[in-house]
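Asks: let's see this in three dimensions:
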Amino acid sequence: MALDLAGELGSPGESQLKTTTAGTPFTPDQKEYLEGFLRGLTAPAPTTAVHSAKAASDQDAAAKVADTKSDNASLPLGKRAQLAWMASGKRLSKEEQIKFESDPLDAWPRIAELSAQDKLPEGEDLYTFKTFGLWNVSPAQASMMCRLRIPGGVLKAYQAEAIAQAAENYGGGYVDVTTRANLQIREIAGRYMLSLLTDLHEAGIVPRGSGADNIRNVTGNPTCGIDHNELYDVLPLCRQMHYRILHDRGLYGLPRKFNVAFDGGNSISSLEDTNDIGFKAVRVEEGHGVDPGIYFRVALGGISGHGDLARDTGLLLKAEECVPAAVAMIQVYIASGDRGNRKKARLKYVLDSWGFEKFLAEVEKIMGRTLRRLPQDACIAPPPVDKAAHLGVHTQKQSGLCYLGVDVPVGRLSVAQLRGLAGLASRFGSGTLRLTVWQNLLISDIREADLGEALQALTALGLTHEPDPIQAGLVACTGAEGCKFGQAPTKSTALAISAYLRGRVVLDQPVNIHLTGCHHSCAQHFIGDIGLIATGVEIPGYKGPGFHVFVGGGYGREGRIAVAARRSVPVAELPIEIERMLNLYLGLRRAGESFTDFTARQSTSELQSLFLEGVPATPAAQSPTTMAPTITAVSAQNGFPQPRPAMAGMESHLNAHEFTSDGRAVKEQAK
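Replies: Next comes the predicted model:
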């Protein structure tokens, strides 16, 4: 049920709660508490003593608040939403119950306690520690992972050096660039949790809220402030949103995780349409009833892993209106999101239930005014993105300066490479590193006269700015090598695909190939030209990890959810399958046509028919069994943990998904 932010809650039993024993009317907040208290008294008894004690404690707390006429307006909005949920007779999910009983933001002393004992979190600590960016990734790795917060993906060299030092002192000696232009430090022993966070904080890196049911890293364009095509530099907006999140306790404890992105119309996209809230800069000229200038359109409900891209709301905001509007939208979501069913708790499902107009009406109530609207066709969109702009050498809008797009294979950098890049940025640029959603980074503000020397320094680090078109388009989450949800190795499989195809397939432009290890879709397989999601495979002669194959995804102007092409391809057979798909594209495309354009002119049924036709039987010489050592070798060569062996009788939960009739998405079945 939705919590009325004006303070009045209408629900069953309200007629029983009119006045206090003194005859004075209850306030709406007191009635809200008492409703929950009465429902708790009439609810079936919990089945365990622990749950009984918790329920009694909650009831006592509600009664005490009512008795003392306490005003629950002082409580965080998330806590009020939980109380309203329970007052309507609904049960909280396990995670919501944890948040209700203790605020995860207060977990710092517990982190210090377990660090002193050299213990990894268990039980409820598994959830609460995520609010500080700490994950226990066992059994994939018997250690912790820390996800950082880097607003807009822009780092100063001294921060990069501090992160490298932390990864060396407390982690596995490497960092991973993520698909939210962020960094992860992995293989952290329990005893180092507190020291790691302390050192990061001292460098201005505060991971608070980077996990659990909170607002994740705020993304923007990596070329903000330096791009010829840019309509608006969004980095200040990213930072404004970032610091509002860090310092507003009311923006924590959401029903589920939440993503916000700003796009200034740059050459490299922020993938704003994959976010819960996406702001996109546009130009408006005279004659449309508003002052001409640069504005932001707002799209809502993006969640590509559930088969949806964000949809335009019709709103047209000035830059200074964006963050206040985002905060109001998040507040409406906190008050109205599902607190019982985790699978239906994202913003998308509020919008599906309410529709945009009801949602925006609630936003306008909070903001106290009607928000500006303008039809989309009255706006001038920025130029199309350049899908190769995140790699190579590119001029900046500042005369005589350029930026260098560095390839980071599957997003992994050693601490020596990260230090070297920080030094390179300080020596030849402005000391700025810019992470991208494509798991690589840019070094900006290099004088053209210094470019040759800068490229030599890059080569000395074992890195390049000119990868082959296959490598340039690879995106991979952590997968089974480092995530307990991973159903197959992703990073090593991606590198094996690149190594196998090198010299076998000649591309004249990148093809985006996204490998994701589980249903969380961190690598966003549904927007890849070719999208791969891990699964368990059981076929004659083979039982182990594999991938479902999707094709035809896109983003921005080319936004489209990929369609199912093949199911359950064994992991070691995947390079051959990708080779077959790319050769089909090369043989049938129009002159110079991109993979995205090629698939866009095919219907769903045509795509599925095209990529299923002529699927060969697995060649005996390259069967999954005989090719498996190739993946293992790639893992060893690149320092990845070896994938966990398939368990006897393993049946991936992804096999409990079913493809919709048009093949555009998969739906998880209730377990």
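Asks: now do the helices in the stretch 251-400 of the chain.
Replies: Counting by DSSP state H, counting those that start in this stretch, the segments of the stretch 251-400 of the chain that form helices are 319-336, 347-354, 356-367.
Asks: between those helices, which gets nearest to residue 611?
Replies: helix 347-354 (28.1 Å; C-beta to C-beta). For every residue, glycine as well, the C-beta is placed using N, CA and C.
Asks: and residue 540, how many residues sit next to it?
Replies: Neighbourhood size, residue 540 [other C-beta atoms under 10 Å]: 5.
Asks: can you pull the contacts of residue 189?
Replies: When contacts are counted by C-beta atoms under 8 Å, 6 or more residues apart in numbering, residue 189 touches 118, 143, 144, 170.
Asks: quick revisit: dump the helices of the stretch 251-400 of the chain to a markdown table, plus mean neighbour count, mean pLDDT and distance to residue 507.
Replies: A markdown table is the format used below for the helices of the stretch 251-400 of the chain (neighbours: other C-beta atoms under 10 Å; pLDDT from 0 to 100; distance: least, C-beta to C-beta, whole Å):
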| stretch | mean neighbour count | mean pLDDT | distance to residue 507 |
| --- | --- | --- | --- |
| helix 319-336 | 22 | 98 | 38 |
| helix 347-354 | 19 | 98 | 34 |
| helix 356-367 | 17 | 98 | 40 |
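Asks: residue ranges with poor pLDDT in this protein?
Replies: Along the chain, segments meeting pLDDT under 70 span 1-71, 613-671.
Asks: now the strands for the stretch 551-671 of the chain?
Replies: Using DSSP state E, counting those that start in this stretch, the strands of the stretch 551-671 of the chain run over 563-570, 657-659, 666-668.
Asks: circling back: looking at the helices of the stretch 251-400 of the chain, which is closest to residue 493?
Replies: Closest of the helices of the stretch 251-400 of the chain to residue 493 is helix 347-354, at 29.3 Å (criterion: C-beta to C-beta).
Asks: how far does that closest one sit from the chain's center?
Replies: Put simply, helix 347-354 sits 19 Å off its chain's centre (C-alpha atoms, centre = their mean, to the nearest Å).
Asks: so what does that helix touch, helix or strand wise?
Replies: On a contact count with 3 or more C-beta pairs under 8 Å, 6 or more residues apart in numbering; DSSP states H and E, helix 347-354 meets helix 319-336.
Asks: next, the angle from the helix it packs on to helix 356-367.
Replies: On the basis of axes from the mean of the first three to the mean of the last three C-alpha atoms, to 10 degrees, helix 319-336 is oriented at 110 degrees to helix 356-367.
Asks: and helix 319-336 with helix 347-354, angle?
Replies: Using the same axes, to 10 degrees, the inter-axis angle of helix 319-336 relative to helix 347-354 is 80 degrees.
Asks: heads up, I number from 14, so please use that
Replies: Okay, residue one is now 14; in that scheme the one you just asked about reads as helix 332-349.
Asks: name the helices or strands packed onto helix 332-349?
Replies: In terms of contacts (3+ C-beta pairs under 8 Å, 6+ apart), helix 332-349 is packed against helix 90-100, helix 248-259, strand 290-297, strand 306-313, helix 360-367, helix 369-380.
Asks: want to try CSV for the ones you listed, with distance to residue 456 as columns?
Replies: CSV is the format used below for these (distance: least, C-beta to C-beta, whole Å):
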stretch, distance to residue 456
helix 90-100, 40
helix 248-259, 16
strand 290-297, 24
strand 306-313, 27
helix 360-367, 35
helix 369-380, 39
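Asks: contacting residues for the closest residue to residue 503 other than its chain neighbours?
Replies: With C-beta to C-beta, 6 or more residues apart in numbering as the criterion, residue 503 has its nearest non-adjacent residue at 2.9 Å, and that residue is residue 492. Neighbouring residues of residue 492 by C-beta under 8 Å, 6+ apart: 499, 501, 502, 503, 504, 506, 528, 529, 530, 547, 656.
Asks: please consider this matter closed, and thank you.
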